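**Q** Okay, sequence plus prediction incoming.
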Amino acid sequence: MKDGIVLTMRGICKRFPGVMALDRVDFTLRKGEIHALMGENGAGKSTLIKVLTGVYAKDAGEIHVDGVDEAISIRSPQEAQSYGISTVYQEISLCPNLTVAENMFIGRTEGKTVNWKAMEKRAGELLDSLGIPARPRQQLSSCSLAVQQMVAIARAVDTDCKVLILDEPTSSLDDKEVAMLFRLMRDLKERGVGIIFVTHFLEQVYEVSNRITVLRNGNLVGEFEVDKLPQVQLVAMMIGRELQNLSVIKKESGAASALREVRYEAKQLSSTESRPFDFYIGKGEVNGFTGLLGSGRSESVRAIFGADPVTGGEVTMDGKKIRVAKPLDAMKNGIAYLPEDRKRDGIIAELSVRDNIILALQVLRGMGHPISRAKAEEFADEYIEALGIKTASSDTPIGSLSGGNQQKVILARWLLTHPKYLILDEPTRGIDVGTKTEIQRLVLKLAEEGMSVTFISSEIEEMLRTCSRLIVMRDRNIVGQLTGDELTQSHVMHTIAGGGGDNE
Amino acid sequence: MEEKGKLRRREPITDTQLLMTITICIFVGMYALAILIWGGGFKKPQMLFDMLNDNAYLIIISCGLTIVMITGSIDISVGGVTALVAMVGVMILNGNLHLFDGIIAAWGLSESFRIVFALLMSLLIGLAFGFVQGYLIAHLEIQPFIITLAGMFFARGMITIISVDPQKGPQALMDILQKRIEMPWLGSPNKKGVIIPARMEIGVVIALVLVVLVYLLLRKTRLGRSFYAVGGNRQSALMLGINVRHSRFMAHLLCGLLSGIAGFVFMMHTGAGNATNATAAEMNAIASSIIGGTLLTGGVGNVIGTFFGVLTLSTIKSIVTTSGLRDPWWQSITTGAMLCFFILLQSVVLMRKNRGKK
């Protein structure tokens, strides 16, 4: 192995039933560098990390680490650690009820007894040397999330680690905390630790890392020096279009949207998960939030629906001021929301298709006014017919339906409440192409009938085809609104990539 | 300890320490109040020793329960096991179990060896319950509540099967077991002015020793700390390299063993075998642990707190009785109210302490 290289992965393949999650991916990590691993959802980032940490077994390929002559096979996180590969996950895997010192040493000390004095002394030294603002005897839960993360890093570093994997470490930190974490990362870099930095935040990548490896659909796109890769090109590589190949898909009039009557308007709306933003939608308009994963697009629509605790802002519906603090308020004002995570927030798998369909309407009517069995049958049959839901009967448990059909049932649930404003968050994810177009067509038809629809999708083409106005988000802020002629792939990508891409 | 005082302002204390401190303060405050208002009985040290004598077995059970609760588990078989052990013990002393009579006759042992056999059987039964329940819970991952509920029914059922009549241990042996440690310097005068020395049973000594041992186990050993880690976050504990199954198994094994010892101590105290022995002891033990600052959700707790939890509970009962409410339901009602109050206090205190932290 060449000097200065701590880790090489060559030709890594990993197959899951029906998908090639990793297809001959190479990855090289040098001593003392921060190496960003980038890619959209499903690109294979986490699969690669899991192969490296022994959570998944690779199907093909070789892994070499510094100091071992032969190719190694890693079968468990413990084994990975013995080769000097440590991981700090996004979800902090420490015990909140123990002290900082204990969290750093528990599970890796010899002997049957605990020497508190020695442990706390050693922890104190380590925390000081890394500049982590925590005290050894403090209970972990009394530290901020950023500090907890840093304690996890300190634990990993103390195990003589050569490769440190940070999986989305900044996703729940604020700016000050991110700065603190970056200081620690740079410090570790100086000490010669190779850091793999997995994140969605473009600006953070450019701020702290030396090199970027981009994955897309399980394939390696390439490895680049940060200085030589403009942001817009990075975005293009992640989303998957070379800039020169971009074709204009839609050139419909977007000017009409400006003339529409406003249906819903939010001023400086914010929730616990999203920063304050302004937003409006007209009657019969289809607009959409776009941006990379983690840019805050879902959090914004969740704030509109009151799905996360709302912390401020003014909201009007058809010119009347309304208060949306929780989903029920939104529903009563004619707002419907189809959540991103269908399995978790959408379906109730054990209930029948019929019960799933009438759920929202029943909630709106209140528990004192049950929908009769006959009425429920009628509603269910009507929408099964209208949306073409493929199910044996309305009695079938929804869990046994395919993803696309489950999605249609949830859609039916909301349409039954006759909403004025429908929010669809990733309605087409993980469903077949046929159903995808059907849903897109349905969205346009509903808009024609006067319903306002906000649409979110990871696939830009899909958004361009359906939306007349796109709101672009980056790093949790709205950075642009695109209408009319601006609705092209290249425009969207430039806006997502931000100023960094314009000056090349 | 002096270091702790010095650093208190800078070093936020842990949840475990905070809840324990609250319990001790409340106990001391309550007892002081009882002395002020009702004086008399509460002023005599013997009142405190009576509480300890009556509750020695409960202290031991509660220690075991605190261990399993720290790991985020529960054991409601403890009362049943205690009663079963007490019954078997008395039967050995009385010569109702012929196996032991045979051994004693064959080896020519003296009658007092019956006590040794009773103790051995106590440990054995306790360990057996702990082993089976621990295995099912830790390795087969069955709900602890269900398993130990079954254990409770099993133990209570066994008592009714093996017991012949309500039993009383033979006087000679009971005299040995019920020997009391007399402390004249803590004595108080009776109505005739004669100083009656304070008396403490051997069981109390056993209980106090066990409290210290369990405290050291939880504080100083790797196994003890792993109980906290497992109760704090099981998934994290696994990622931190802790053998979660082993920890959970050991917690239940220890709890079983402690219930066995508690049964022996119970027998020493009452000298009687009765199918209704130690009724609802598991509920009192859970209540004591909670009052002592152990969280049902796991990861937080301490046996010193639990010890004071038992004393607090029994002080409440004494106060109720002393204030003239002799009907037994008053005790239940006050206990219930106090338990509610404690849990509310705990969550309010923890919420305020950890406010603003995600």
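**A** Okay, I see it.
**Q** So what's the residue count around the residue lying closest to residue A:65 once chain neighbours are set aside?
**A** Of all residues not flanking residue A:65 in the chain, residue A:83 sits nearest, at 5.0 Å (Cβ to Cβ, 6 or more residues apart in numbering or on different chains). Glycine gets a C-beta too; all of them are placed from N, C-alpha and C. Residue A:83 is flanked by 20 other residues according to other Cβ atoms under 10 Å in any protein chain shown.
**Q** Let me see the contact set for residue A:83.
**A** Counting by Cβ atoms under 8 Å, 6 or more residues apart in numbering or on different chains, residue A:83 makes contact with A:65, A:68, A:72, A:74.
**Q** and it, what are its phi and psi?
**A** Backbone geometry at residue A:83, expressed as degrees, to the nearest 10, gives phi -90, psi 0.
**Q** How much space separates it from residue A:7?
**A** Computed as Cβ to Cβ, to the nearest Å, the residue A:83 to residue A:7 distance reads 9 Å.
**Q** Common neighbours of the two, please.
**A** With contacts defined as Cβ under 8 Å, 6+ apart, the residues shared by residue A:83 and residue A:7 are residue A:65.
**Q** Return the set of residues that bridge with the residue lying closest to residue B:87 once chain neighbours are set aside.
**A** If the residues on either side of it in the chain are set aside, residue B:87 comes closest to residue B:273, at 4.2 Å by Cβ to Cβ, 6+ apart. Following DSSP bridges, residue B:273 is listed with bridge partners residue B:167.
**Q** Hmm, residue B:273 is touching residue B:86, no?
**A** Yes. Assessed by Cβ atoms under 8 Å, residue B:273 is found in contact with residue B:86 at 6.2 Å.
**Q** Report the next helix or strand after the helix or strand bottoming out on mean pLDDT in chain A in sequence order.
**A** Lowest by mean pLDDT, DSSP states H and E among the helices and strands of chain A is helix A:256-259, with a mean of 54. Per DSSP states H and E, the first helix or strand lying C-terminal to helix A:256-259 is strand A:262-271.
**Q** what pairs with that next one, and is each one parallel or antiparallel?
**A** Take DSSP bridges as the rule and strand A:262-271 pairs in its sheet with strand A:277-282 (antiparallel), strand A:310-317 (antiparallel).
**Q** Which other helices and strands does the next helix or strand after the last one contact?
**A** To tie it back to what came earlier, the one meant is strand A:310-317. The C-terminal neighbour of strand A:310-317 among helices and strands, as given by DSSP H and E, is strand A:320-322. Strand A:320-322 sits against strand A:310-317, with contacts defined as 3 or more Cβ pairs under 8 Å, 6 or more residues apart in numbering or on different chains; DSSP states H and E.
**Q** need the residues of chain A near chain B, please.
**A** Along chain A, the residues adjacent to chain B under the rule Cβ under 8 Å from any Cβ of the partner chain are A:77-78, A:92-99, A:102-103, A:106-109, A:111-114, A:116, A:135, A:137-139, A:141-145, A:172.
**Q** what is in contact with residue B:273 and residue B:86 at once?
**A** If you check residue B:273 and residue B:86 against Cβ under 8 Å, 6+ apart, the residues they both contact are residue B:267.
**Q** Buried subset of the residues of chain A next to chain B as a ChimeraX selection?
**A** The following ChimeraX line selects those of the residues of chain A next to chain B that are buried, judged by 16 or more other Cβ atoms under 10 Å in any protein chain shown:
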select /A:77,92,93,94,95,96,97,98,99,102,103,106,107,109,114,116,135,137,138,139,141,142,143,144
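**Q** any chance of the strands paired with strand A:262-271 in JSON lines, plus mean neighbour count and mean pLDDT?
**A** Conversion of the strands paired with strand A:262-271 to JSON lines gives the following (neighbours: other Cβ atoms under 10 Å in any protein chain shown; pLDDT from 0 to 100):
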{"stretch": "strand A:277-282", "mean neighbour count": "19", "mean pLDDT": "90"}
{"stretch": "strand A:310-317", "mean neighbour count": "17", "mean pLDDT": "90"}
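**Q** Tabulate those (CSV), appending distance to residue A:486.
**A** As requested, those are arranged in CSV below (distance: least, Cβ to Cβ, whole Å):
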stretch, distance to residue A:486
strand A:277-282, 18
strand A:310-317, 27
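**Q** For residue A:472, find the nearest of the ones you listed.
**A** With Cβ to Cβ, the closest approach to residue A:472 among those belongs to strand A:277-282: 11.9 Å.
**Q** Using the three-state scheme, assign whatever residue of the stretch 101-250 of chain A ends up closest to chain B.
**A** Closest approach between the stretch 101-250 of chain A and chain B, counting by Cβ to the nearest Cβ: residue A:107, at 3.3 Å. Following DSSP: H, G, I helix; E, B strand; the rest coil, we place residue A:107 in the coil state.
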